[in-house]
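Undergrad: Quick one, structure for this:
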Amino acid sequence: MEMEEEGKNSLKVRRLRGHKATATCCVSSRERPRLIATAGEDGRVCFFDLRCKDAQLVIELGTDYPVSSLCFNQGNENVIYVSAGTQVRCFDVHMATSWKPLESYNYNKDEINQVRWENPNQ
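TA: As a prediction, the model looks like this:
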């Protein structure tokens, strides 16, 4: 994955290392500047601090289904939702030692292409 910013204060193109296959989704944190999470065909979710080169945290979901999409829970960005195949799984990033989903949803017959968190109270 490469990043580039053009303009007067342009940055060099950087390659973020963490995936073993193509990245399929990239989301930035609203609450934490410089934090991005990426999903990939390798069954991984990688968290990057843009001040560093390599992934700071990696969730290994397995290669059975490529991860197609992810999103942060707005209001609690320690929780992420990840879609892989026909499932959506919810993880707490503070429970990195087990990576057991907090919740798992399996309602679709077709592959889920995008997940999005919407707060019903807003």
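Undergrad: Next secondary structure after the lowest-mean-pLDDT helix or strand in the chain?
TA: Of all helical and strand segments in the chain, the minimum by mean pLDDT, DSSP states H and E falls on strand 2-5, at a mean of 48. Next helix or strand after strand 2-5 toward the C-terminus (DSSP states H and E): strand 11-15.
Undergrad: quick one: strands adjacent to that following strand?
TA: Strand 11-15 pairs in its sheet with strand 2-5 (antiparallel), by DSSP bridges.
Undergrad: contacts for the strand ranked longest in the chain?
TA: Using DSSP state E, we find that the single longest strand of the chain is strand 76-84. For strand 76-84, the surrounding residues in contact (Cβ atoms under 8 Å, 6 or more residues apart in numbering) are 29-32, 37, 39, 43, 45, 59, 61, 64-73, 88-94, 102, 112-115, 117. From N, CA and C alone the C-beta is placed, and that goes for glycine too.
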